[in-house]
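Student: Make a model of this:
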Amino acid sequence: MGEALLNTPSPQTHPQKSDEQVKEVRDDVDELFRRAFDEPAGTSLGTHHTVFEQLRQQQKAGNFGMFGPFLDQQEWELADWLMTSGASQTKVDRFLHLDITRERMGPSYKDNRTLLEKIDKLPQGPTWKCRTITVKGDFLDENGDPMEEELDIWCRDPVECVRELIGNPDFRDAMKYVPERLFSDESEEEEIINEMWTAQWWWDTQEKLPSGATIAPVILASDKTQLSQFSGDKQAWPVYISIGNICKAVRRQTSKRGMILLGYLPVTKLECLHEHSRKGAGFRLFHYVMSILLEPLIEAGKKGVQMTCADRHIRMVYPILAAYIADFPEQCLIVGVQPTDCPICEIDSDDRGEPSHAPFRDSARTLSALKDWVTEVSSAEYTRLGLRPIPKPFWAELPHTDIFSCLTPDLLHQLHKGVFKDHLVKWCLTHAGAAEIDQRFQCMPDHPTLRYFKKGISTITQWTGREFKEMQRIFASLTYGAVHSEVTAVARAVIDFIYYASYPSQSTETLRRLQDALDTFHQHKEIFVKLGIRKHFRIPKIHMMEHYIALIRAKGTPDGFNTELSERLHIDFAKEGYRASNKKNYIEQMVTYLTRRDAIHKFTAFLIWTDAIPDSQSDSNKADEVQEPVEQVPAATVAAGAPTWSIAKRAPWPKTAVRTLINNHGAVDFVPALQAYLNAHVPKGCVTASVYDFVDVYKQIIIDIPSPQRLTDETQRDTIRATPGHPNPGRKKSEPDHFDCVLVHEDGVAEDVGIKGYRAARVRVLFRLPSWFGCTDTLAYIEWFTPFKPPVVPLRMSRVSYAMRQGRRQAAVIPISSIRRSCALTPIFGKPHQRDRGWTARTVLEKCSHFFLNSHQSIYMFQLCDGDFVLVDNVS
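Tutor: Now for the predicted structure:
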């Protein structure tokens, strides 16, 4: 059974300890054992006002109100809306010129120009600069001179960007300045790794710096993106920057601005060069421009810079490049290797796809090989390392930076899209046939957390990262019986690897299981060669899986470095600015647009900090529907912590006849099941259930569930429905039944990991009894499945079937507090010729008799089932 992993709470700022600081601290709040860094680190040099405090002082000194330069809150809110609504300048002018606007609102800005003048008076972030460089080509112009191309580099000072991030008061409670090691207990045998400050790199780098130094681990991300949609070829190449001091949950929220725009790399076709010269020139141009962007980090990383941090303390900060988020082609460009080689290790291309112990690439050895190649001393090492013709990489002079270890796992492109979608799914479709896999997807029972692929998956031409993940939730369980057993083993191993790699917090044990999943993949992958589907596995994205454990130990969990973030940032920092431009010289207009948007965001954060306006983001996270808590199970009964149940205050179907439940909900044994519950929980002889009774019926319940292994302090919101089908008006299709399957805490103590103590059931009715029954519980009428049978090799998913008694499904009435979560059941299809061709998504739960408990339903369910490893060979 896997150990219970305990979560690190939002990092708090603590006073600095003396030189004789306590090195080992037991945190009674989250039950983790913390070991602090051995020497003084993150030492305060004094205190100073934060940027928000300085802004408030400037307002008072200038006799401005809280909303200055705007007159009041209403005028600011109107300006905020006009600037963020997407309205064009013409429409803003037209709105401000309306009589109703001028006469009733009377804002101090009369048109778009004066509005922008007000916005430009707001406090802004690091200033933008434009630097022009000239590329000399090998074509000749009409005068016989080499043709030239001028390129603009728009960028901000990375040191000032770090100052902006580390000093943002909005991040005060999400900031760390000192590395630490986390363990599950005082024995320090089980290490916990989640945030960047809990990983090895920060600890090792801290030892290289002066006593008391504060590291700001610089995180970069870059990715070229298309701006024009249907015509034209407009592109932008944004570079983003963040720091590892900010917890990853905040960095992932684009609205928080935990990762900001550093600059735009020039996008050019280099038409002044012959075609055969453009590729190499493009490599050199990228590194030259990046060296311009990052040049301030060289001196700052060596000597440090005093900065006022979010907690008002002044520290000597060393901004050091620690991580670079990019997809595989850009990773090869960053480190300067050929795309046929691994950008992290020196493995021979013929050995990729097999378990690897090749040494990691070394920056010093790489620079030496490049120098020998440039000076024509020798090209042997240059060729062996698979290097590109880049005389001076941008990272050559960055202090304390090993660019090869800066590369981070890419869950989106390497795992979700690469190994899973582009390879595993393609191989399985080839083996089983697209029609077979499509039909299985079409027969999947409805579940609120799963996507229904109405037409299967083989006809989908455009995929998104969300669709990759949705397919992973059910793919492995669907392959059972359709493909060779070893193919199913590979599918299970790949998806297990993806789920383990996605954990927000890792331990020594979960990393071992991550390795086990990879070993299982290698053990069974040759089946695709035997089946004639593959000839080799020399695939870069498969090889990159070998590096995940080392990279996690060095820099923290991959969810803090996912390229999905940069894909989302493109919307805010590239596409919206482009749409607001006139499409000519658009980068300069985008910079102006983003400067104003950043000023609005910064001023909004300041107003929230002063409590002048509410935090609209927090308000938007509240549930739209008013719900009331029902009851809570004592924490002692569930090791992972008690969930909470919510249900509508008013029953959607009050005073519903029991006969209606029998006919519409299929609750055929409602009366005897209710009577059995009353006999057990209400004094005997008080009431008797009958078909003539009326009850209040609910459509659904909401359960907020803690993470089973406490890998995160976030909860999962689970919806459990019990609604019969009904016709819709007009030409709309009728609504199908929604009777969800759940895990019920049946007896004993439910384990933190594993499904011991749980039993599957299907909910038919959610109801409350009239007051004269003497029962105030909210109840559920369920149909039981059998207790879980041992997981099946190679799928490793437990099996259930309907529990029968005298030819009828065994039913019961239980309090909803016994329901722990929903669960997805996958029908056991068997061999293709054994499948009932009459199954559909609407009928499969009624017609099928045997099911798998789908442990890939969600990462929460995967964590819960992670402890069940007692296996049997086949399905009887």
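
Student: my read: Pro123 touches Val51, true?
Tutor: Yes - counting by Cβ atoms under 8 Å, Val51 is a contact partner of Pro123 at 7.3 Å. (C-beta placed from N, C-alpha, C; glycine too.)

Student: The two: which is more packed in?
Tutor: Taking neighbours as other Cβ atoms under 10 Å, Pro123 and Val51 compare with Val51 leading, 20 against 14.

Student: Just give the nearest non-adjacent residue to the more buried one, would you?
Tutor: Counting by Cβ to Cβ, 6 or more residues apart in numbering, Val51 lies nearest to Gly167, which is 5.9 Å off, once chain neighbours are set aside.

Student: And stretch 813-833, how far out from the chain middle?
Tutor: Distance, stretch centre to chain centre, for stretch 813-833: 27 Å (Cα atoms, centre = their mean, to the nearest Å).

Student: got the residue ranges for the helices in the stretch 701-850 of the chain?
Tutor: In the stretch 701-850 of the chain, the segments counted as helices under DSSP state H, counting those that start in this stretch are 844-847.

Student: Select the longest helix from the protein.
Tutor: For the chain, the longest helix by residue count, based on DSSP state H, is helix 586-609.

Student: Now do the buried residues in it.
Tutor: 586-587, 589-591, 593-609 (16 or more other Cβ atoms under 10 Å).

Student: Format the CA atom coordinates belonging to that helix as PDB.
Tutor: Output of helix 586-609 as PDB, limited to C-alpha atoms (Å, rounded to 0.1, in the frame of the first residue of the first chain):
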ATOM      1  CA  TYR A 586       2.000  45.100 -34.900                       C
ATOM      2  CA  ILE A 587       4.700  44.200 -32.400                       C
ATOM      3  CA  GLU A 588       5.200  47.900 -31.400                       C
ATOM      4  CA  GLN A 589       1.400  48.300 -31.000                       C
ATOM      5  CA  MET A 590       1.100  45.100 -29.100                       C
ATOM      6  CA  VAL A 591       3.800  46.400 -26.600                       C
ATOM      7  CA  THR A 592       1.800  49.600 -26.100                       C
ATOM      8  CA  TYR A 593      -1.400  47.600 -25.600                       C
ATOM      9  CA  LEU A 594       0.100  45.200 -23.100                       C
ATOM     10  CA  THR A 595       1.800  48.000 -21.200                       C
ATOM     11  CA  ARG A 596      -1.600  49.500 -20.600                       C
ATOM     12  CA  ARG A 597      -3.200  46.200 -19.800                       C
ATOM     13  CA  ASP A 598      -0.500  45.500 -17.300                       C
ATOM     14  CA  ALA A 599      -1.000  48.900 -15.700                       C
ATOM     15  CA  ILE A 600      -4.700  48.100 -15.300                       C
ATOM     16  CA  HIS A 601      -3.900  44.700 -13.800                       C
ATOM     17  CA  LYS A 602      -1.400  46.200 -11.400                       C
ATOM     18  CA  PHE A 603      -3.700  49.000 -10.300                       C
ATOM     19  CA  THR A 604      -6.500  46.500  -9.800                       C
ATOM     20  CA  ALA A 605      -4.200  44.400  -7.600                       C
ATOM     21  CA  PHE A 606      -3.400  47.500  -5.600                       C
ATOM     22  CA  LEU A 607      -7.000  48.400  -5.000                       C
ATOM     23  CA  ILE A 608      -7.700  44.800  -3.800                       C
ATOM     24  CA  TRP A 609      -4.700  45.100  -1.500                       C
END
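
Student: and it, how far out from the chain's middle?
Tutor: That offset, for helix 586-609, works out to 25 Å (Cα atoms, centre = their mean).
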